[in-house]
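# show me how the following folds:
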Amino acid sequence: MKHFLVFSIVNFIFISAISQERSNFSNIECEVNGKVVDAASQKEMHYANIAVIRMKDSTIAGGAITDEKGFFKVVKLRPGMYIIKINFIGYEKYTTNIRLTPQNPVVNIGTIQLKPAVTQLGEVEITSEKPLVEFQLDK
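I've put the predicted structure just below:
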């Protein structure tokens, strides 16, 4: 009986410590920030889309758009592994992986240079036929 009581107390303390650690871990808010520029001109890219996706289940954890100076910040993320996807119409997509931890809750991914997407279009042929019968007003 004495051993059972000691075992129960130690087990209770151990479980309490683990649950306290997990609750502290879930209260940490992390952040990702950076800047997006055009690779050719080095000009800031206004309104580029940033998506933050959880690696664990591929759900969207957050997102943002760049401001007038090309900067973005995604806040209120939980610690974990994420995929960052940045895209802008007419440019190649950029993807990178990051890890947010309680020890490193803010990650700056630096300046991202998006390259213009080159798309080769096929030829276009425009054809027209003149109608066989024409209707005109009599004079």
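# next, the most centrally placed residue in the chain: phi, psi?
Central residue of the chain (C-alpha atoms, centre = their mean): Ala51, 2.1 Å from the mean position. With angles defined as degrees, to the nearest 10, Ala51 sits at phi -120, psi 140.
# hang on, it packs against Ser58?
No. The pair Ala51 and Ser58 does not pass the contact test of C-beta atoms under 8 Å, sitting 11.1 Å apart. All C-beta spots, glycine's among them, are computed from the backbone N, C-alpha and C.
# follow-up on the earlier one: gap between the residue nearest to the centre of the chain and Val118?
23 Å (C-beta to C-beta, to the nearest Å).
# check which helix or strand covers the residue nearest to Glu29 when sequence neighbours are not counted.
Closest residue to Glu29 apart from its sequence neighbours, by C-beta to C-beta, 6 or more residues apart in numbering: Lys76 at 5.3 Å. Here Lys76 sits within strand 71-77, counting by DSSP states H and E.
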